[in-house]
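**Student:** Build me a model from this:
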Amino acid sequence: GKGSKSGFPGVGPARRGWGAAVGIDEDALLPEHENLVKGCLDNGLRYTILRNSMPPGRFLVNLEVHAGSVDEREDQQGLAHFLEHMLFLGTEAFPTPDAMRTVLGRLGMSQLADANAYTDFRSTVYTLSAPTNGVDMTRKHDRDSSNAAANRDTMFR
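**Tutor:** You can find the predicted model right below:
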């Protein structure tokens, strides 16, 4: 819930007093933004939300999955990066790359410009940016579609 503790070590603000051990003046660091809303869902998904009105009419989501190349065994090298690409190749509801591009377009997005990802040493990050009116566009599509039930499925499973 809102403001709940994540329960995960290494997540969230560090306790005071750590800086001296590594030669850092904690008071010289940037403070955490006072309007951040942080929490953890029952399934363990941690979130941080910050309202931002620029650019107007758009929202931005960064989904950081704490799995990167450091988590791969020798025989798994490249797997995290491969899975990153697989997301955009299709889902159960949108089983082809063309279907994925179509749903992104319905939401006012384009692949690479508004829906992208990268994998680094410790994480895989998906970035999505869409117009805030995308939900209305999706609802209109569902009403107009002869197969609305299949199209209401979530894009990312």
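**Student:** Any regions of the protein where pLDDT drops low?
**Tutor:** Residues of the chain that meet the criterion pLDDT under 70 lie in 1-14, 134-157.
**Student:** which residues of it fall in helices?
**Tutor:** Using DSSP state H, the helices of the chain run over residues 19-22, 79-86, 97-106, 134-144, 148-151.
**Student:** what does the first one rub up against?
**Tutor:** Judged by C-beta atoms under 8 Å, 6 or more residues apart in numbering, the contacts made with helix 19-22 from elsewhere in the structure are 25-26, 29. Using the backbone N, CA and C atoms, a C-beta is placed for each residue, glycine as well.
**Student:** Out of these, which is nearest to residue 74?
**Tutor:** Nearest to residue 74 among those is residue 29, at 37.2 Å by C-beta to C-beta.
**Student:** Around the closest one, count how many other residues there are.
**Tutor:** Here the number of neighbours of residue 29 (other C-beta atoms under 10 Å) works out to 10.
**Student:** again, but for the one 10 residues further on
**Tutor:** If you count neighbours by other C-beta under 10 Å, residue 39 ends up with 15.
**Student:** Also residue 118?
**Tutor:** Residues near residue 118, counting by other C-beta under 10 Å, number 12.
**Student:** center of the chain, which residue is that?
**Tutor:** Most central residue of the chain, judged by C-alpha distance to the mean C-alpha position with C-alpha atoms, centre = their mean, is residue 63 at 1.7 Å.
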